[in-house]
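A.B. asks: test case, fold it:
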Amino acid sequence: MASEEEELKGLERAAVLLLSLGEDQAAEVMKHLAPREVQRLGVAMSRLGRVSTDQAHSVMREFRDKLERQTSLGLGADQFLRAALTKALGGDRANSLIERILHGGESTGLENLKWLEPRAVAELIKLEHPQVVALVLSYIDPDQAAEVLHFLPERLASEAMLRLANLDGLQPSALRELNDALDELLSGDSQSVQVSAMGGPKIAAEVLNRLDTSLSNSIMDHMRSQDEDLAGKVQEQMFVFDDLINVDDRSMQTMLREISSESLIVALKGANAPLREKFLGNMSKRAAEMLRDDLEAKGPVRLTEVEAAQKEILQVATRLESAGQIQLGGGGAEAMVG
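C.D. replies: Next up, the predicted model:
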């Protein structure tokens, strides 16, 4: 039987933990988080509502127990941080966050963009050349870049993504010039930015994977019309819901532990029979029977809801792969529709 405590998800547990720590301690913790993590935590904290004493105590006990177990194992600092943050912030990508914590410095013009809401970033760059937009999109996180694209004119979004896929680096002087210009706009301190490689088909694919299907398809169509070979390279890097059929059983079982039942039910309403069976075959007999019943009882579901649930599951899969917990199979299959 599910308890109150179990109903709190990873991000909510992190919010409860910070609220329990008090203002000063919470501020110290948040200094080490990236902009997107701070934003997500802030939203979670503002939406938390009433938290029972039992729930708060449970979160604190869980954190203390994990801390004691981790520190007693003699792990290195980065290993400990990676494990603790992955567990505390289940939806975040631990690898990129660790890089920011261990190697980050003072915020610069480009870095400050990560603190802005996607609409604000779009307003800032919507009149810029597509090459500048592509550079900005390559620098911010893929999930933020995907949200920014929704606020840009479609033609600019398509042109910028074409250039992003073609981008394989930038002269340091050009990067400093852009960074200084953004510093001035955002009233930040001017500093140089160290970037070895930016953009390319893989980064473009990561952004496209996070877009609504209609916008993603529109951008891919534009890319194919301009450069079919480049579009093919991007498509090869994309991982769509149908590709989960190629995931090994152990990875599938790891994924299932991270996916909510409701998201899985909605996502599988639009899945083909073999893929449904792949998921069901990696559950216990009882859980599989319950899921079949839930699928039957669910009734018709809007295609947009199915696509959103599938995107959510794909984000879980890519996060787990980034953390080295699972392996994903091939890619490049055409996106599924309902």
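
A.B. asks: average pLDDT for stretch 56-68?
C.D. replies: Average pLDDT, stretch 56-68: 72.

A.B. asks: over to stretch 271-282?
C.D. replies: pLDDT averaged over stretch 271-282 gives 92.

A.B. asks: stretch 38-49 now?
C.D. replies: Mean predicted confidence for stretch 38-49 is 73.

A.B. asks: residues of it that come out buried?
C.D. replies: Across stretch 38-49, burial judged by 16 or more other Cβ atoms under 10 Å covers Val38, Gln39, Arg40, Leu41, Ala44, Met45. (C-beta placed from N, C-alpha, C; glycine too.)

A.B. asks: turn the residues you listed into CSV, including distance to Pro142 and secondary structure.
C.D. replies: Below are the buried residues of stretch 38-49 laid out as CSV (distance: Cβ to Cβ, whole Å; DSSP: H, G, I helix; E, B strand; the rest coil):
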residue, distance to Pro142, secondary structure
Val38, 18, helix
Gln39, 15, helix
Arg40, 15, helix
Leu41, 19, helix
Ala44, 21, helix
Met45, 24, helix
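
A.B. asks: list just the nearest of the residues you listed to Ile245.
C.D. replies: Arg40 (30.8 Å; Cβ to Cβ).

A.B. asks: surely that closest one and Leu11 touch.
C.D. replies: Yes: the pair Arg40 and Leu11 passes the contact test of Cβ atoms under 8 Å, sitting 6.3 Å apart.

A.B. asks: which strands or helices does the one helix or strand Leu314 maps to pack on?
C.D. replies: Element membership for Leu314 (DSSP states H and E) is helix 303-322. Under the contact definition 3 or more Cβ pairs under 8 Å, 6 or more residues apart in numbering; DSSP states H and E, helix 303-322 sits against helix 94-103, helix 201-209, helix 249-256, helix 261-269.

A.B. asks: just give me the lowest mean pLDDT stretch among those helices.
C.D. replies: When mean pLDDT is averaged over each of these, helix 94-103 scores lowest at a mean of 49.

A.B. asks: can you give me the strands for the chain?
C.D. replies: Ranges of strands in the chain, per DSSP state E: none exist.

A.B. asks: from the middle of its chain, how far away would stretch 263-276 be?
C.D. replies: 21 Å (Cα atoms, centre = their mean, to the nearest Å).

A.B. asks: and what of stretch 125-135?
C.D. replies: Worked out by Cα atoms, centre = their mean, stretch 125-135 lies 23 Å from the chain centre.

A.B. asks: pull the residues that contact that stretch.
C.D. replies: Identification of contacts with stretch 125-135 by Cβ atoms under 8 Å, 6 or more residues apart in numbering yields 136, 148, 151-153, 156, 159-164, 167, 170, 175, 178, 198-199.

A.B. asks: and it, end to end?
C.D. replies: In stretch 125-135, first residue to last residue: 11 Å (Cα to Cα, to the nearest Å).

A.B. asks: picking that back up, gap between the helix holding Leu314 and the chain center?
C.D. replies: For helix 303-322, the distance to the chain centre is 9 Å (Cα atoms, centre = their mean).

A.B. asks: tell me which residues touch His150, please.
C.D. replies: With the criterion set at Cβ under 8 Å, 6+ apart, His150 makes contact with Pro118, Ala122, Leu211, Asp212, Leu215.

A.B. asks: let me know the pLDDT of the residue lying closest to Glu321 once chain neighbours are set aside.
C.D. replies: In space, and not counting its chain neighbours, Glu321 is closest to Leu328: 5.1 Å by Cβ to Cβ, 6 or more residues apart in numbering. The model reports Leu328 with a pLDDT of 75.

A.B. asks: distance of the closest residue to Pro153 other than its chain neighbours from His150?
C.D. replies: Leaving aside its sequence neighbours, Pro153 sits nearest to Lys126 (Cβ to Cβ, 6+ apart; 7.0 Å). Here the criterion is Cβ to Cβ, to the nearest Å. By it, Lys126 lies 12 Å from His150.

A.B. asks: just Arg276 next, same as before
C.D. replies: On the measure of Cβ to Cβ, Arg276 and His150 end up 30 Å apart.

A.B. asks: go on, Ser263?
C.D. replies: In terms of Cβ to Cβ, Ser263 sits 21 Å off from His150.
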